[in-house]
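Colleague: here's my sequence, what's the structure:
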Amino acid sequence: MSTLVTYFSAEGTTAKVAKEFADRIGADIFEIVPEQPYTSSDIRWTNPLARCNREQIGGKDVPVSGSIQEFDKYDTVYIGFPIWYGQAPRVVHTFGKGYDWTGKTVHAFATSGGSGIGKTAEKLSPSLPGASSVDAKLVHSASEL
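Modeller: Below you'll find the model as predicted:
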């Protein structure tokens, strides 16, 4: 079995951590990309009408571009993302719902400019049907994983 590092990155911070970590452990990597990319105004969380806020508050599914081939070959999956409203962005939830996670161990890692990890694992678990375990931690660099 193999390890996969997946990530969604809005501004490049999470991408940097995910790529360094995947290189360090020799894992495959997959970027979670929304079908409609985010603009800088879409992720301006201080604007209550910004796309990121509307999606999070509304619990909306955000379609994902691309998919992982042979997902069943992975037994351990790392999922990285920035914290939005104390949890994973909606695009990460939509990504998770697209796969069978039965028997997989999931390690979520989040980057944040100031938010804590909160109940991220608990909130993400329903979008990862069948996962044997889901944990989450806040990181600032790949060495913390």
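Colleague: the longest strand along the chain packs against which elements?
Modeller: Criterion DSSP state E: the longest strand present in the chain is strand 74-82. Strand 74-82 sits against strand 2-7, helix 13-25, helix 90-97, strand 105-111, with contacts defined as 3 or more CB pairs under 8 Å, 6 or more residues apart in numbering; DSSP states H and E. All C-beta atoms are positioned from the backbone trio N, CA, C, and that covers glycine.
Colleague: any idea how far Leu124 is from Phe8?
Modeller: Distance of Leu124 to Phe8, given as CB to CB, to the nearest Å: 12 Å.
Colleague: shared neighbours, the two?
Modeller: 88, 92 (CB atoms under 8 Å, 6 or more residues apart in numbering).
Colleague: more neighbours, these two?
Modeller: Taking other CB atoms under 10 Å, Leu124 and Phe8 do not tie; Phe8 has more neighbours (25 against 22).
Colleague: report pLDDT for the more buried one.
Modeller: For Phe8, the pLDDT comes out at 97.
Colleague: mind listing what it touches?
Modeller: Phe8 neighbours (CB under 8 Å, 6+ apart): 14, 31-34, 80-82, 88-89, 91-92, 95.
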